[in-house]
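Student: this is a predicted model, with the sequence first.
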Amino acid sequence: MNHDDYDNAYISGILTSVKSIAIVGASANEVRPSFFVTKYLLDKGYTVHPVNPGQAGKEILGRPVFATLADLPEPVDMVDVFRPSAAVPGITDEVLAMDPLPKVVWMQLTVRDDASAARLEEKGIKVVMNRCPKIEYARLAGEIGWNGVNSRVISSKKPLMRKGFQSFGIRQR
């Protein structure tokens, strides 16, 4: 897998197939990117499980916070990593200890670890690095174009609406 450039179909395939997401490094601070990504994903209808040992036992956006991936009460489809690249090998160990394994490990902007990506892909887990699911969802759904940002996606099709505030869905090609 070329982790320098992802095909839109690869990203949209992930975002449309995933239903539950564990966010490692979720924050209760509403000005932190992990907070508003958590909120955005909840608003889009995903089941989100915040993971943060410093907030364990508390709630973020009405969702209980867990200390580790092993503490999650149910399997998740995707693990979203909001931790520095140096933390990824340890998180990869936690992911590979999960049963069942998640379908996807997504590393946020500036987060990349090629050795961990190779380990995960050997087990059949899809990997995305140095990308944000909130940004990618908005780009592929046409929402990001509201701000005049070039999303590199042109379509004359009517947007597919989902439940939620101004919630477009991602169209499959």
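Tutor: Nice, I can see it.

Student: now do the lowest-mean-pLDDT helix or strand in the chain: which elements does it pack against?
Tutor: Least confident helix or strand, the chain: helix 133-141 with a mean of 90, by mean pLDDT, DSSP states H and E. Contacts defined by 3 or more C-beta pairs under 8 Å, 6 or more residues apart in numbering; DSSP states H and E place helix 133-141 against helix 8-17, helix 33-43. C-beta here means a position set from N, CA and C on the backbone, and glycine is covered the same way.

Student: could you say which of these is packed most deeply?
Tutor: Across these, averaging neighbours per residue (mean count of other C-beta atoms under 10 Å) puts helix 33-43 on top, at a mean of 19.

Student: distance between it and the chain's centre?
Tutor: In terms of C-alpha atoms, centre = their mean, to the nearest Å, the centre of helix 33-43 is found 10 Å from the chain centre.

Student: contact partners of it?
Tutor: Helix 33-43 is contacted by residues 21, 23, 25-30, 48, 50, 60-61, 63, 80, 82, 108, 132-134, 137, 164-165, 167 when judged by C-beta atoms under 8 Å, 6 or more residues apart in numbering.

Student: rounded mean pLDDT for the next helix or strand after that helix, please.
Tutor: Once helix 33-43 ends, the next helix or strand along the chain (criterion: DSSP states H and E) is strand 47-51. Strand 47-51 shows a mean pLDDT of 98.

Student: and what of stretch 63-83?
Tutor: So the average pLDDT for stretch 63-83 ends up being 98.

Student: can you give me the buried ones in it?
Tutor: Neighbour-count burial for stretch 63-83 flags 63, 65, 66, 69, 76, 77, 78, 79, 80, 81, 82, 83 (criterion: 16 or more other C-beta atoms under 10 Å).
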